[in-house]
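Peer 1: Next one to model:
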Amino acid sequence: MFLTDDDYKAQVKDTILASIIESTTALRTDAEYKAEAEMTGYLAMRYDVPNIFNKSGTARNAHVVMLYVDIVLYHLHSRINPGQVPQLRIDRYNEAKRWLEMVASGSLKPDLPLVGDADGDGIDDNSVVNWGGMTPRNPYF
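Peer 2: Below you'll find the model as predicted:
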């Protein structure tokens, strides 16, 4: 998986995380898959999603990791009682969605690998337009 146990420690205490997942990792894993699918829906048009989520450790984008954790924690809390999700989790989830919407619309350009950027120059190779044409011919004989 993309996330590790240490990624959660910055945002939630171990005891709280253990209580909301009821000490079963299957609930957390399921929420992580759903959060990744949600993020993929926003990122896939412009960014190389498999490349983003296949990284580990410090090679991962720290902001994406933080948003991923926010989305997972929101879904875990809402599973218990949707009417009593802590306001902090609602606010952070809404902020994560707002950031993803801005990225999807192109108004925000994070440092993420682009779709079709095979040479790694930060430019989508499919969006490059070549200008010019053939040399003009002399129509007079």
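
Peer 1: Report the contact partners of the most centrally placed residue in the chain.
Peer 2: Against the mean C-alpha coordinate of the chain, by C-alpha atoms, centre = their mean, the closest residue is M39 at 4.6 Å. The neighbours of M39, taking C-beta atoms under 8 Å, 6 or more residues apart in numbering as the test, are V49, V64, L67, Y68, I71, L100. C-betas here are computed from N, CA, C, even on glycine.

Peer 1: How about the secondary structure of the second one?
Peer 2: The three-state assignment at V64 reads helix, by DSSP: H, G, I helix; E, B strand; the rest coil.

Peer 1: isn't A104 right next to Y47, touching?
Peer 2: No. The pair A104 / Y47 is not scored as a contact, 9.5 Å apart, by C-beta atoms under 8 Å.

Peer 1: Between those two, which has more neighbouring residues?
Peer 2: Ranked by neighbour count (other C-beta atoms under 10 Å), A104 and Y47 place Y47 first, with 23 against 16.

Peer 1: ok, for that one, nearest residue in space, not its chain neighbours?
Peer 2: The spatially closest residue to Y47, leaving aside those adjacent along the chain, is L112, at 4.6 Å (C-beta to C-beta, 6 or more residues apart in numbering).
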